[in-house]
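Asker: generate coordinates for the sequence data below:
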Amino acid sequence: MKDYAMSDKVILLVEDNPDDEALTLRALKKNNILNEVVVARDGEEALDYLFGTGKYEGRDVSVQPQVILLDLQLPKINGIEVLKRLRADKRTALQPVVILTTSSEEKDITSSYESGANSYIRKPVDFNQFIEAVKQLGLYWLVLNESPVKIRS
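Answerer: Numbers count the residues shown, from 1 in each chain. A predicted model of the protein is given here:
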């Protein structure tokens with residue numbers, strides 16, 4: 001099986017559930033997606049990472065994740081609000097964001113796309129289905145997708 005890691009393509013996983021975090025990391029590894037994964041466990045931490053604030057003060061924000069895997073139900077700042085803040089800032093307005101959540105609520109799907117999500121994927125309960133979903137995510141977002149021009153200051 002081919003390894004898909006590209007050292008400059010970081011994945012930001014925004015997930016507060018330790019079990020879902022471990023499951024996602026395991027699914028990435030099982031698919032030989034070896035990119036660095038930065039994990040933010042709430043919406044505030046995700047924004048701090050992306051904008052170089054808080055505990056990420058001084059981080060080189062010209063280097064942004066290739067894709068953000070964003071849960072909706074997050075402490076401090078929920079996923080929809082994180083998405084709205086990303087889209088409102090010219091530095092992150094074009095950042096690829098995949099909603100990765102257990103919610104199948106129509107309002108969550110609609111709100112995600114209205115707020116600028118690139119994709120909405122409901123986490124399957126079955127691990128084998130989840131592995132396949134993560135494989136497709138990796139192939140598309142890390143290999144096939146052409147990203148917009150690097151971050152603009």
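
Asker: what segments of this structure are helices?
Answerer: Ranges of helices in the chain, per DSSP state H, are 18-30, 43-51, 79-88, 106-114, 127-138.

Asker: stretch 46-65: end-to-end distance?
Answerer: Terminal residues of stretch 46-65 lie 11 Å apart, using CA to CA, to the nearest Å.

Asker: just checking, E36 touches L12?
Answerer: No: if you go by CB atoms under 8 Å, E36 and L12 don't touch, sitting 9.8 Å apart. To be clear about C-beta, it is placed using only N, CA and C from the backbone, and glycine gets the same treatment.

Asker: ok, these two, which is more surrounded?
Answerer: Legend: neighbour count by other CB atoms under 10 Å for E36 and L12, higher for L12 (21 against 12).

Asker: what pairs with the more buried one across the strands?
Answerer: Judged by DSSP bridges, the bridge partners of L12 are V38, I68.

Asker: and it, how close does it get to K107?
Answerer: 25 Å (CB to CB, to the nearest Å).

Asker: go on, D126?
Answerer: Distance of D126 to K107, computed by CB to CB: 25 Å.

Asker: ok, now G116?
Answerer: Going from G116 to K107 by CB to CB gives 16 Å.

Asker: and if you look at S115?
Answerer: 12 Å.

Asker: who has more neighbours, the two?
Answerer: S115 (19 against 8).

Asker: so the more buried one touches R85, yeah?
Answerer: No: using CB under 8 Å, S115 is not in contact with R85; the gap is 9.7 Å.

Asker: residues contacting the closest residue to I77 other than its chain neighbours?
Answerer: Setting aside the residues directly before and after it, I77 is nearest to G43 in space (CB to CB, 6 or more residues apart in numbering), at 2.9 Å. By CB atoms under 8 Å, 6 or more residues apart in numbering, the contact set of G43 is V14, L74, P75, K76, I77, N78, G79, E81, V82.

Asker: out of those residues, who's nearest Y49?
Answerer: The nearest member of those to Y49, counting by CB to CB, is V14 at 8.9 Å.

Asker: from I11, how far off is V134?
Answerer: 10 Å.

Asker: joint contacts of those two?
Answerer: Shared contacts of V134 and I11, counting by CB under 8 Å, 6+ apart, come down to L28, I33.

Asker: what's the neighbour count on N35?
Answerer: Using other CB under 10 Å: N35 sits among 21 other residues.
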